[in-house]
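**Q** Would you be able to build a 3D model of this:
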Amino acid sequence: MDPISDMLTRIKNAQLAGRETLEINFSKVKFEMAKIMEREGFLAQIEKKGVKDKQNLILKLKYNQGTPAIQDLRRVSKPSRRVYIGAAEIKPVKQGYGLAIISTSQGLMTAKEAKKNKLGGEILCEIW
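**A** Numbers count the residues shown, from 1 in each chain. As a prediction, the model looks like this:
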């Protein structure tokens with residue numbers, strides 16, 4: 001299975017179940033995605049735990065008065081169908097209330113940052 005879609009599905013399921021924390025396997029891409037989600041207010045806290053070969057990410061999920069901060073999320077670019085977009089084609093997610101994570105030549109960033117830096121890339125996911 002695709003590790004990024006696995007991470008997104010685990011976050012979605014954990015929030016639907018009302019869990020406070022979630023533990024997933026560590027990878028650099030997942031860690032960068034989690035940092036962006038924390039910075040944009042969709043996760044409360046992230047923590048890297050474990051030794052070099054067996055590292056895990058501990059994600060503390062965020063709730064606003066009992067409702068999850070993440071209403072929904074979806075994987076856009078999949079291993080079977082990659083979706084690339086130019087800087088001029090970047091549009092806001094859910095009229096600006098959402099977030100798109102894009103893999104650019106300068107690393108992972110939000111759609112707003114990519115548009116500001118005039119960079120395109122692969123759209124990994126959309127969160128709202």
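**Q** Next, the contact list for I85, please.
**A** 102, 120-123 (C-beta atoms under 8 Å, 6 or more residues apart in numbering). Bear in mind the C-beta positions are built from the backbone N, C-alpha and C, glycine included.
**Q** cool, and K35?
**A** Residues in contact with K35, defined by C-beta under 8 Å, 6+ apart, are I46.
**Q** Surely it forms part of a helix?
**A** Yes - assessed with DSSP: H, G, I helix; E, B strand; the rest coil, K35 lies in a helix.
**Q** and the end-to-end length of stretch 14-30?
**A** 16 Å (C-alpha to C-alpha, to the nearest Å).
**Q** go on, stretch 55-64?
**A** 29 Å.
**Q** what does that stretch contact?
**A** In contact with stretch 55-64 (C-beta under 8 Å, 6+ apart) are residues 11, 14-15, 19-26, 30-31, 34, 41-50, 68-70.
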